[in-house]
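Student: predicted structure and sequence below. I'll ask about it afterward.
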Amino acid sequence: MPLISQESIREVLATADLVDLVRGSVPLKRAGARWQGRCPFHDERTPSFSLIPPENTRYYCHGCGASGDAVNWMMEKEGAGTFVEAIEALAERFGVSLRYEQASPEEEASRQAASRRHELLARAAAFYAEYLWRADEASEARKYLCDRGFSEELARRFDVGFSPSGGTILAGRAIKLGFSRDQLVDSGLARLRGSQATDFFQGRIMFPITDARRRVIGFGARTLDPNERAKYVNSPEGPLFKKREVLFGLAQARPAAAKAGWLVVVEGYTDVMALVASGVEQAVACMGTALTSDQLRQAARVAPEVRLCFDADAAGQKAAWRSAEAARGLPLRMAAIPLPPGRDPGDMAKTPFDLAELRRIGESMEPLVTFLIASRASQAGVSPTERDQARQEITDLLRGLPDSIEKDEGVRLAAGLLQLSRGMQERLWQDVYGRTRTSQPRGDSAPTLTSLGPEAARERRLLTLAVALSKEAPEVLAEFPVEAMRDPQHQRAVALLAGGEALEQWPPELEQLAGALRAGASIGEHSVAEFREASYRVQLPLLETRARELGTKGDDAGALRLIDLIHRIRGALRGEE
């Protein structure tokens with residue numbers, strides 16, 4: 001690899017404006033001589049990340065200890081894989097011409113070939129984009145995008161294009177510009193037919209795929225011909241394009257993802273565009289396959305949380321499961337965005353209500369482990385063999401997780417949904433942790449979630465916190481809709497707690513529930529913030545159902561008001577109060 005001259009490196013570091021660089025991802029505010037904001041390297045509510053004055057050439061987080069200069073930033077947050085790539089990206093960003101020290105002929109040839117390859121792909125993307133909006137034969141493609149709810153502005157934002165069906169149009173133009181047939185093939189833009197280079201993509205809608213520096217490295221292409229065997233075709237694997245290592249839309253999603261602290265991963269290009277149209281701009285696609293560990297490493301450089309929004313069918317569930325396995329050992333929180341059966345993000349950009357509903361879906365989440373356990377348990381039949389197989393698969397999933405509250409809750413949830421006996425519960429615990437439980441609640445009134453599903457578990461958690469924080473309960477629950485509780489006993493209990501009724505005064509039929517809540521409230525420490533969060537999580541499904549009902553009845557105004565409330569609640573859950 002050619003070496004960048006030390007003089008050029010010093011010039012880049014002197015020219016790079018770290019404030020400008022960081023502000024693309026982190027909202028910064030000036031506090032005296034410092035620029036401060038929420039740390040992009042860990043989840044926090046109180047800003048502890050700052051640029052060090054007076055030069056502002058280094059950053060530091062008092063919370064997690066992250067520190068560095070512009071080069072570190074490019075490598076940790078902007079996707080540069082090496083020091084050289086970081087310097088080259090900074091030079092490009094701030095207009096510095098780099099000078100290279102003497103390199104071997106092979107190294108210099110390799111550098112020039114890579115540069116030429118990037119130039120060719122960039123020219124191809126520009127040609128396809130222009131062809132989409134000017135060519136008569138692309139009219140069907142323009143109509144397709146319009147019918148899907150994608151505006152020209154949105155399509156241009158992603159540089160969507162169309163490849164001519166003539167066979168050699170792109171290749172012919174590239175050769176006239178001085179590119180060789182071998183360069184066209186090497187870049188995945190042409191095939192050799194004898195001595196002639198023919199276009200690799202013909203008569204398809206083109207989606208350019210870029211690297212972290214927004215350089216085009218390949219294409220995804222969709223046919224509009226129902227007789228075509230392959231609906232989607234990607235660029236061939238090559239020096240630049242390795243499908244397992246890239247995420248479609250990552251460069252565009254980075255600023256919003258860094259600000260929000262999470263990325264949404266969907267399956268297709270149009271799913272990304274639909275989410276962006278709805279206002280969820282931190283969306284990327286894994287291009288139809290489960291996430292790989294390489295793709296997740298790319299995501300981890302941008303945000304600490306990844307939310308999977310895969311189809312609700314069996315294939316989507318399998319992809320989510322494989323993605324959870326690929327995330328093992330990576331510094332990421334994994335969550336799921338459950339899609340209603342039969343709904344596809346890419347088809348939800350046609351009306352204002354569809355977009356508002358898609359935004360609500362795109363901002364929803366539940367822990368991936370909880371989602372996968374509930375999905376797998378629901379597929380288990382009634383036979384002991386089927387249930388044992390589900391138990392074993394869930395055990396394997398949980399065993400790979402680090403010890404955490406999420407892991408404990410996963411064990412309890414699996415035990416409840418699979419209706420395991422006490423003995424099988426203990427076996428599940430031992431199989432997951434490799435040891436027997438050293439402590440566990442005892443007595444008939446001990447708090448246990450093993451018989452509860454996810455909804456009931458959320459309700460029970462809210463009630464437990466209300467008992468633990470009985471003085472604050474009336475205020476927190478003042479406007480809580482009782483009907484948000486599905487369980488009739490839970491409805492009565494939340495009404496009593498909202499009214500300040502002591503457990504000792506509850507009616508006899510709630511005595512067992514009161515005992516379980518009392519025991520649960522006595523374990524651990526609890527906060528009002530935790531209590532409010534639990535309240536929001538229980539309310540959301542009811543509000544979402546009401547919004548859908550109003551939309552179905554044609555009351556778009558009422559539905560949009562509720563969806564606005566849902567957005568505010570989700571903002572509070574993300575710490576944006």
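Tutor: Thanks, I have it. Numbers count the residues shown, from 1 in each chain.

Student: the helix or strand where residue 88 lies packs against which elements?
Tutor: Residue 88 belongs to helix 83-94 when elements are defined using DSSP states H and E. Applying 3 or more Cβ pairs under 8 Å, 6 or more residues apart in numbering; DSSP states H and E, one finds that helix 83-94 contacts helix 6-15, helix 70-76. No exception for glycine: its C-beta is placed from N, CA and C like everyone else's.

Student: hey, C-alpha coordinates of that helix in CSV?
Tutor: Listed next in CSV are the C-alpha coordinates belonging to helix 83-94 (Å, rounded to 0.1, in the frame of the first residue of the first chain):
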residue,chain,number,x,y,z
PHE,A,83,-5.3,4.8,9.3
VAL,A,84,-4.7,5.4,5.6
GLU,A,85,-8.4,5.2,4.8
ALA,A,86,-9.1,7.7,7.6
ILE,A,87,-6.5,10.1,6.3
GLU,A,88,-7.8,9.8,2.7
ALA,A,89,-11.4,10.3,3.8
LEU,A,90,-10.4,13.4,5.8
ALA,A,91,-8.4,14.8,2.9
GLU,A,92,-11.4,14.3,0.6
ARG,A,93,-13.7,15.9,3.1
PHE,A,94,-11.6,19.0,3.7
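
Student: mind giving me the packing neighbours of the helix or strand following that helix?
Tutor: Following helix 83-94 in sequence order, the next helix or strand is helix 105-134 (DSSP H and E). Under the contact criterion of 3+ Cβ pairs under 8 Å, 6+ apart, helix 105-134 touches helix 139-147, helix 152-157, strand 161-162, helix 169-176, helix 181-186, strand 204-210, strand 216-223.

Student: now for these, which one comes closest to residue 550?
Tutor: Among the helices and strands packed on helix 105-134, the nearest to residue 550 by Cβ to Cβ is helix 139-147 (25.7 Å).

Student: neighbours of residue 291, how many?
Tutor: By other Cβ atoms under 10 Å, the residues close to residue 291 number 26.

Student: oh sorry, the question was meant for residue 296
Tutor: 23.

Student: which secondary structure element is home to it?
Tutor: Counting by DSSP H and E, residue 296 is found in helix 293-300.

Student: ok, and what's touching that helix?
Tutor: 79, 212, 244-247, 250, 263, 265, 284, 286, 291, 306, 323, 326-327, 330-332 (Cβ atoms under 8 Å, 6 or more residues apart in numbering).

Student: do the same with stretch 339-348
Tutor: Outside stretch 339-348, the residues within contact range by Cβ under 8 Å, 6+ apart are 148, 266, 268, 270-271, 273-275, 278, 309-312, 316, 354-355, 357-358, 361-362.

Student: swap in 10 Å and give it another go.
Tutor: 148-150, 264, 266-275, 277-278, 280, 283, 285, 309-313, 316, 337, 354-359, 361-362, 364, 548 (Cβ atoms under 10 Å, 6 or more residues apart in numbering).

Student: dump the helices and strands packed on helix 83-94 to a markdown table, plus distance to residue 398.
Tutor: Formatted as a markdown table, these follow (distance: least, Cβ to Cβ, whole Å):
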| stretch | distance to residue 398 |
| --- | --- |
| helix 6-15 | 46 |
| helix 70-76 | 30 |
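
Student: out of those helices, which one sits most buried?
Tutor: helix 70-76 (a mean of 21; mean count of other Cβ atoms under 10 Å).

Student: if I look at residue 575, what pLDDT would I see?
Tutor: With respect to pLDDT, residue 575 scores 53.

Student: so which of the helices and strands packed on helix 105-134 is the most surrounded?
Tutor: strand 161-162 (a mean of 28).

Student: give me the sheet partners of that strand and which way each runs.
Tutor: Strand 161-162 pairs in its sheet with strand 204-210 (antiparallel), by DSSP bridges.

Student: I'd say residue 130 and residue 160 touch.
Tutor: No. Between residue 130 and residue 160 there is no contact under Cβ atoms under 10 Å: 11.5 Å.

Student: so between the two, which is more surrounded?
Tutor: With neighbours defined as other Cβ under 10 Å, residue 130 and residue 160 compare such that residue 160 has more, 25 against 12.

Student: let's verify residue 198: helix, strand, or coil?
Tutor: Secondary structure assignment for residue 198 (DSSP: H, G, I helix; E, B strand; the rest coil): strand.

Student: how much space is there between it and residue 175?
Tutor: Per Cβ to Cβ, to the nearest Å, residue 198 is found 12 Å from residue 175.

Student: ramachandran angles for residue 335?
Tutor: phi -130, psi 170 (degrees, to the nearest 10).

Student: per-residue confidence for it?
Tutor: At residue 335, the pLDDT value in this model is 89.

Student: so how many other residues sit close to it?
Tutor: Counted with other Cβ under 10 Å, residues neighbouring residue 335 total 20.

Student: distance check, it against residue 357.
Tutor: Computed as Cβ to Cβ, the residue 335 to residue 357 distance reads 19 Å.

Student: cool, and residue 342?
Tutor: 13 Å.

Student: which of these two has more neighbours?
Tutor: Taking other Cβ under 10 Å, residue 342 and residue 357 do not tie; residue 357 has more neighbours (22 against 9).

Student: looking at this, that one is in a helix?
Tutor: Yes. Using three-state DSSP, the assignment for residue 357 is a helix.

Student: list the residues that contact it.
Tutor: Residue 357 neighbours (Cβ under 10 Å, 6+ apart): 278, 340, 343, 348, 351, 544, 547, 548, 551, 559, 560, 563.

Student: tally of neighbours for the residue lying closest to residue 324 once chain neighbours are set aside?
Tutor: Sequence neighbours aside, residue 368 is the residue nearest to residue 324 in space, at 5.6 Å (criterion: Cβ to Cβ, 6 or more residues apart in numbering). Using other Cβ under 10 Å, residue 368 has 24 other residues around it.

Student: residue 267 contacts residue 310, doesn't it?
Tutor: Yes. Assessed by Cβ under 10 Å, residue 267 is found in contact with residue 310 at 5.9 Å.

Student: what touches both of these two?
Tutor: Residues touching both residue 267 and residue 310 (Cβ under 10 Å, 6+ apart): 286, 290, 316, 319, 345.

Student: what residues are up against the first one?
Tutor: The one in question is residue 286. Neighbours of residue 286 in contact, by Cβ under 10 Å, 6+ apart: 243-244, 246-248, 265-268, 292, 295-296, 299, 308, 310, 319, 323.

Student: if you set the cut-off to 8 Å instead, what comes out?
Tutor: Per Cβ under 8 Å, 6+ apart, neighbours of residue 286: 247, 248, 265, 266, 267, 292, 295.

Student: ok so, going back, buried only: go through the contacts of helix 293-300 for me.
Tutor: 79, 212, 246-247, 250, 263, 265, 284, 286, 291, 306, 323, 326-327, 332 (16 or more other Cβ atoms under 10 Å).

Student: just the ones of the residues you listed in strands?
Tutor: 263, 265, 284, 306 (DSSP state E).

Student: reformat those residues as CSV; add distance to residue 255 and pLDDT.
Tutor: Output for these, formatted as CSV (distance: Cβ to Cβ, whole Å; pLDDT from 0 to 100):
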residue, distance to residue 255, pLDDT
263, 12, 92
265, 17, 94
284, 13, 95
306, 17, 92
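
Student: ok so, going back, of the shared contacts of residue 267 and residue 310, closest to residue 256?
Tutor: Nearest to residue 256, judged by Cβ to Cβ, of the shared contacts of residue 267 and residue 310 is residue 345 at 16.2 Å.

Student: quick check: residue 49 touching residue 40?
Tutor: Yes. Counting by Cβ atoms under 8 Å, residue 40 is a contact partner of residue 49 at 7.0 Å.

Student: tally of neighbours for residue 26?
Tutor: 22.

Student: give the helix, strand or coil label for it.
Tutor: Applying three-state DSSP: residue 26 is coil.
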